[in-house]
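>>> Below is the sequence, then the predicted model.
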Amino acid sequence: MPTIMSAVIPIPKSWEEFEDITLSALKIRWSSPNLTRHGRQGQKQDGVDLYGDDDLGRNVGVQCKLTQVDAVGVDVIRAEIAKAENFQPALRGYYMAISAPSDANLQKQVRVLSKERVEQGKFPVGLLFWDDIVQDLKKNKDVFKMHYPELLIDSGHIPAASRPQGNRGNALLDLGYLGLHLDDWLGLLFGEFMDEQRAAQDFERLISSLEEASKVVCDGDAAAELAGALQELRSYVHDIVQPKEQTADWRPANRLAARIMRSLETLEYQLEGKELLIFKIGHGIAIWEFHDLHTAKDYPRARQNTLLEYISGLSPNRQVSGYIQGAVEAYNADDAAFSVKAHTPDSLYGGVKRLLLLG
């Protein structure tokens, strides 16, 4: 049963409510009871809505913006920073809290800007997105209940109408296909001949897919653990992947990937029936994918047949669809081109997605 930690929380409609929620969330994040509102509407605020100490004991300012991320470019952030430079006493840190999902491009721009400022002896700058604010708010049930009493029942569970929506079958397939081989996907995306911009975009899609899938499938502490680890991995990889960077330390990223994979591996012992079958199919397709990438040999026929047997279990008549069967036959053809073989696992993945959509 979904709990607070696995619920999708609606964004507030008023700036006052967003400011209140952000204040509560940051008090939890920083264990900072002295964090407070600064001024009121109509007064000069020098770009600061909230003021107090962060978890490092620094006096920091926070600007809250109830807006979409595409309306908050780096120029807007620079303008708010310029106002905050006049705040008294002088700030030692500054954050922009935005009611929009995480945006990798904006995060990167602000990281670069913050680094430049620190090198100039100025206060650093950070971004907080709605996802970050909600994760902090969910850590304290009583505070959460104060802002969202309609979502909470006595047991601490979220009513059905507020549960995250999604196709559970698709989510399980993604967790098996993408999550159980996260270390391999990292190696593939950020390999020796990577296109840095394309890799960063594909990585963001990968992490977002895993985040959404885990919201649908996981619950309670498991959901919180996965959400935290995925966010840590996202932040670390974005920090070390820079143009022409040759000395990035991938060991922490690999450790985070291993931690995520271990969490997902436990799902196999919690699933049964068709759900377990879908999860194992996703895992099997990924094994095929990375076998072909790392070896010059065809994927063994016995393993192909096992995977096809699993896939047939998704059909009422236990028949493999013509699309999937044709992809496997093309792979095994004596004159099969490399391009055909390379795309077979992806074809299987798409074929299973189609089966789940139709049935």
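Happy to help now that I have it.
>>> So which bits of the host helix or strand of Val216 are buried?
Assessed by DSSP states H and E, Val216 sits inside helix 196-217. Neighbour counts over helix 196-217 (16 or more other CB atoms under 10 Å) mark 199-200, 202-204, 206-207, 209-217 as buried. In this view, the C-beta of every residue, glycine as well, is placed from N, C-alpha and C.
>>> which strands and helices sit next to that helix?
Applying 3 or more CB pairs under 8 Å, 6 or more residues apart in numbering; DSSP states H and E, one finds that helix 196-217 contacts helix 104-119, helix 168-174, helix 182-189, helix 220-240.
>>> Only the buried residues of the shortest one, if you could.
When neighbours are counted by 16+ other CB under 10 Å, the buried residues of helix 168-174 are found to be Gly169, Asn170, Ala171, Leu172, Leu173, Asp174.
>>> Same check on stretch 314-324?
Buried, per 16+ other CB under 10 Å, within stretch 314-324: Leu314, Val320, Ser321, Ile324.
>>> again, but for stretch 117-127
Phe123, Pro124, Val125, Gly126, Leu127.
>>> These in strands, which ones?
Judged by DSSP state E, the buried residues of stretch 117-127 include Val125, Gly126, Leu127 as members of strands.
>>> which of those residues lies closest to Asp54?
Gly126 (9.4 Å; CB to CB).
>>> That closest one reaches Leu91, doesn't it?
No - when contacts are counted by CB atoms under 8 Å, Gly126 is not listed as touching Leu91 (11.9 Å).
>>> Relative to Pro345, which of the buried residues of helix 168-174 is nearest.
When these are compared against Pro345 (criterion: CB to CB), the nearest one is Leu173, at 12.7 Å.
>>> I figured Ala100 hits Trp130, correct?
Yes - here Ala100 lies in contact with Trp130, judged by CB under 8 Å, at a distance of 6.0 Å.
>>> Tell me which of those two has more neighbours.
Legend: neighbour count by other CB atoms under 10 Å for Ala100 and Trp130, higher for Trp130 (22 against 18).
>>> Give me the pLDDT for that one.
On pLDDT, Trp130 comes in at 88.
>>> list the contacts for it?
Ile11, Ile98, Ser99, Ala100, Pro101 (CB atoms under 8 Å, 6 or more residues apart in numbering).
>>> Could you export those residues as JSON lines, including secondary structure?
Formatted as JSON lines, the contacts of Trp130 follow (DSSP: H, G, I helix; E, B strand; the rest coil):
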{"residue": "Ile11", "secondary structure": "coil"}
{"residue": "Ile98", "secondary structure": "strand"}
{"residue": "Ser99", "secondary structure": "coil"}
{"residue": "Ala100", "secondary structure": "coil"}
{"residue": "Pro101", "secondary structure": "coil"}
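>>> Among those residues, which one has the most neighbours?
Neighbour tally across these (other CB under 10 Å): the maximum, 27 neighbours, falls on Ile98.
>>> how about that one, what does it touch?
Contacts of Ile98 (CB under 8 Å, 6+ apart): Lys65, Thr67, Val69, Val72, Leu127, Leu128, Phe129, Trp130.
>>> nearest spatial neighbour of Trp185, skipping sequence neighbours?
Leu206 (5.9 Å; CB to CB, 6 or more residues apart in numbering).
>>> hang on, the earlier thing: ranking the helices and strands packed on helix 196-217 by burial, who's on top?
Most buried of the helices and strands packed on helix 196-217, by mean neighbour count (mean count of other CB atoms under 10 Å): helix 168-174, with a mean of 22.
>>> what's next to it, contact-wise?
209-210, 212-214, 216-217, 267, 271, 274-275, 278-279, 281-282, 349, 352-353, 356-357.
>>> and what of stretch 342-359?
167, 169-170, 173, 177, 278, 281-282, 285-286, 288-289, 292, 307, 311, 314-316, 321, 323-324, 327-328, 330-331.
>>> what's the domain layout of the chain?
When the chain is parsed with automatic domain parsing, its domains come out as 4-149, 167-270, 272-359.
>>> so how far is Asn317 from Gly169?
18 Å (CB to CB, to the nearest Å).
>>> quick one: low-confidence parts of the stretch 51-200 of the chain?
For the stretch 51-200 of the chain, the stretches with pLDDT under 70 are 68-71, 150-166, 192-197.
>>> And the stretch 251-359 of the chain, by the same measure?
Applying pLDDT under 70 to the stretch 251-359 of the chain flags residues 358-359.
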